[in-house]
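Colleague: Give me coordinates for this.
(2 chains, ligands or ions: 2)
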2 protein chains.
Amino acid sequence: MEFSSKLLENAVNEMSQLPGIGKRTALRLVLHLLKQPEERTSFLSQALMNLRSGINFCASCHNISDTELCEICASPKRDESIVCVVEDIRDVMAIENTSQYIGLYHVLGGKISPMEGVGPQNLNIASLVNKVKKGTVKELIFALSSTMEGDTTNFYIYRQLEGLEVTTSTIARGISVGDELEYTDEVTLGRSILNRVPFESSIKAN
Amino acid sequence: MEFSSKLLENAVNEMSQLPGIGKRTALRLVLHLLKQPEERTSFLSQALMNLRSGINFCASCHNISDTELCEICASPKRDESIVCVVEDIRDVMAIENTSQYIGLYHVLGGKISPMEGVGPQNLNIASLVNKVKKGTVKELIFALSSTMEGDTTNFYIYRQLEGLEVTTSTIARGISVGDELEYTDEVTLGRSILNRVPFESSIKAN
Ligand SMILES: [Zn+2]
Ligand SMILES: [Zn+2]
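Modeller: Numbers count the residues shown, from 1 in each chain, chains lettered A, B, ... in the order given. Ligands and ions are numbered 1, 2, ... in the order given. This next block holds a predicted model:
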């Protein structure tokens, strides 16, 4: 792509670094911004910068939060004896949306994936094990997507918990293997939280 | 969508103002930026701001340009007696890519579309007519997409030129009606410039 303007070229190049955004799409998005009032571009740039530089993760569950403890962890209405282990904030949003869950969350920040160079030390696993060691958590619900990486991560954590007094379960899936939580309808997802099964029995089923 | 962070919510909302970017996609893009080094977000924001505030349009052809006259208009190698009328910069880039065209361009900035509230006065049509009145332009090539809006725009300009000494042509299309220039392969597009036909005969053909 040959550009008639360096400023345009830079903007398109930066935009096309985003996942799933090719050069053509980036050009279309940038030209759209040029047709809008200048403040639209300021608002977008400022919002991205404010988030990136002001980003904070809940000190307890690692979810994105503007306060030290997120609203969920800070709420007296939530049952802190149940912790649902998820990959990222989108899973928290999906489960919260069902209004079926009253426990807390623990956001791992990803799944163990040797292919992508993500090991246990890159995820929020140590803080989860420490949380369990303190003794307030009675049950861990694994809610990672049922892919090989998800299963590996569940099993790694399960092994770390050996000897600790905690029940482990996985959400019941009436949904097909490999589906992502965030694309699951609310009813199915809500029910799968209520019908969670002990993790041991899910290992045996495989 | 319920967000655990106002900063996150703002970033997603601004991102999802872009055409074709829904809330889910916006969230995915924003979470991607959060996983990248902070400078990625700075570079993107800065590039968009620099373009939007520093944007300049060529004083002659209205293409995006960092200089008062764009490189094409300023080049002594281009034939200023031929002007190709296009909708936007993407069409200029597509035609330049063929290396088949040695004339200049005139970027209208859109097509006449009563449905979208775009009239002749919103486009760079008056400056085109003035350019022709000066007498250096011998031929205008209409290269708008052959949609109803494109045809309407061509015809409107054609009427404005009555009595002026200029030949009008449209690019020859070996491509199906309704196709966009920017998605046409280079060979077809290059050939359609070379085989351009007088505008009058294209009216009669309809
Ligand atoms: Zn929290
Ligand atoms: Zn120019």
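
Colleague: Flag every buried residue along the top strand by length along chain A.
Modeller: Scanning chain A for the longest strand, with DSSP state E as the assignment, gives strand A:79-86. For strand A:79-86, a neighbour-count test (16 or more other C-beta atoms under 10 Å in any protein chain shown) marks A:I82, A:V83, A:C84, A:V85, A:V86 as buried. All C-beta spots, glycine's among them, are computed from the backbone N, C-alpha and C.

Colleague: Output the contacting helices and strands for it.
Modeller: In terms of contacts (3 or more C-beta pairs under 8 Å, 6 or more residues apart in numbering or on different chains; DSSP states H and E), strand A:79-86 is packed against helix A:89-96, strand A:103-107, helix A:126-133, strand A:139-142.

Colleague: Now do the longest helix anywhere in chain A: which elements does it pack against?
Modeller: Determined from DSSP state H, the single longest helix within chain A is helix A:38-54. With contacts taken as 3+ C-beta pairs under 8 Å, 6+ apart, helix A:38-54 sits against helix A:23-35, helix B:6-15, helix B:23-35, helix B:38-54.

Colleague: of all the helices and strands packed on strand A:79-86, which lies closest to B:L123?
Modeller: Nearest of the helices and strands packed on strand A:79-86 to B:L123, taken as C-beta to C-beta: helix A:89-96 at 42.7 Å.

Colleague: could you give me the average pLDDT of that closest one?
Modeller: Per-residue pLDDT over helix A:89-96 has a mean of 91.

Colleague: for the longest helix of chain A, what is the average pLDDT?
Modeller: 96.

Colleague: Any idea what A:S113 is bridged to?
Modeller: When bridges are called by DSSP bridges, A:S113 pairs up with A:V118.

Colleague: wait, doesn't it sit right on A:E149?
Modeller: Yes: the criterion here is C-beta atoms under 8 Å, and A:S113 meets it with A:E149 at 4.8 Å.

Colleague: Which positions within the longest helix of chain A qualify as buried?
Modeller: A:40-52.

Colleague: ok, back up a step: relative to the longest strand of chain A, what are the paired strands and their orientations?
Modeller: Neighbouring strands of strand A:79-86 in its sheet, by DSSP bridges, are strand A:103-107 (parallel), strand A:139-142 (parallel).

Colleague: With just CA atoms, put the longest one into PDB.
Modeller: Looking back up the chat, that one is strand A:103-107. Coordinates of the C-alpha atoms in strand A:103-107 are reproduced here as PDB (Å, rounded to 0.1, in the frame of the first residue of the first chain):
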ATOM      1  CA  GLY A 103     -19.500 -16.300  44.900                       C
ATOM      2  CA  LEU A 104     -16.200 -14.500  44.100                       C
ATOM      3  CA  TYR A 105     -13.900 -14.900  41.000                       C
ATOM      4  CA  HIS A 106     -10.300 -15.500  40.400                       C
ATOM      5  CA  VAL A 107      -9.000 -14.200  37.000                       C
END
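
Colleague: which SS state does A:E200 fall under?
Modeller: When classified by DSSP: H, G, I helix; E, B strand; the rest coil, A:E200 comes out as helix.

Colleague: sorry, that was for A:D151
Modeller: helix.

Colleague: could you measure it against A:Y183, distance?
Modeller: A:D151 is 19 Å from A:Y183, where distance means C-beta to C-beta, to the nearest Å.

Colleague: do A:E38 as well
Modeller: A:E38 sits 36 Å away from A:Y183, going by C-beta to C-beta.

Colleague: quick revisit: ok, so of the buried residues of strand A:79-86, who is nearest A:V187?
Modeller: Nearest to A:V187 among those, with distances taken as C-beta to C-beta, is A:C84, at 17.9 Å.

Colleague: which residues touch the residue lying closest to that closest one once chain neighbours are set aside?
Modeller: Distance criterion C-beta to C-beta, 6 or more residues apart in numbering or on different chains; nearest residue to A:C84, sequence neighbours excluded, is A:I141 at 4.4 Å. Listed by C-beta atoms under 8 Å, 6 or more residues apart in numbering or on different chains, the contact set of A:I141 reads A:I82, A:V83, A:C84, A:V85, A:G103, A:T168, A:S169, A:T170, A:I171, A:I193, A:R196.

Colleague: Up against ligand 1, what does chain A have?
Modeller: Counting by C-beta under 5 Å from the ion, the positions of chain A adjacent to ligand 1 are A:C58, A:S60, A:C61, A:N63, A:C70, A:C73.

Colleague: quick one: the residue nearest to the fifth one when sequence neighbours are not counted from A:I171, how far?
Modeller: Ranked by C-beta to C-beta, 6+ apart and with sequence neighbours excluded, the top spatial neighbour of A:C70 is A:C58, at 3.7 Å. Taken as C-beta to C-beta, the spacing of A:C58 relative to A:I171 amounts to 21 Å.

Colleague: Centroid-nearest residue for chain A?
Modeller: Taking C-alpha atoms, centre = their mean as the criterion, A:D88 is the residue nearest the geometric centre of chain A, at 0.7 Å.

Colleague: For it, what are phi and psi?
Modeller: phi -150, psi -180 (degrees, to the nearest 10).

Colleague: Surely it and A:H106 touch.
Modeller: No: counting by C-beta under 8 Å, A:D88 stays clear of A:H106, with 11.5 Å between them.

Colleague: Show me how the record splits chain A into domains.
Modeller: A:6-54, A:57-205 (automatic domain parsing).

Colleague: could you redo those as a markdown table and give each row distance to B:V92?
Modeller: Shown next, in a markdown table, are the domains of chain A (distance: least, C-beta to C-beta, whole Å):
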| stretch | distance to B:V92 |
| --- | --- |
| domain A:6-54 | 12 |
| domain A:57-205 | 40 |
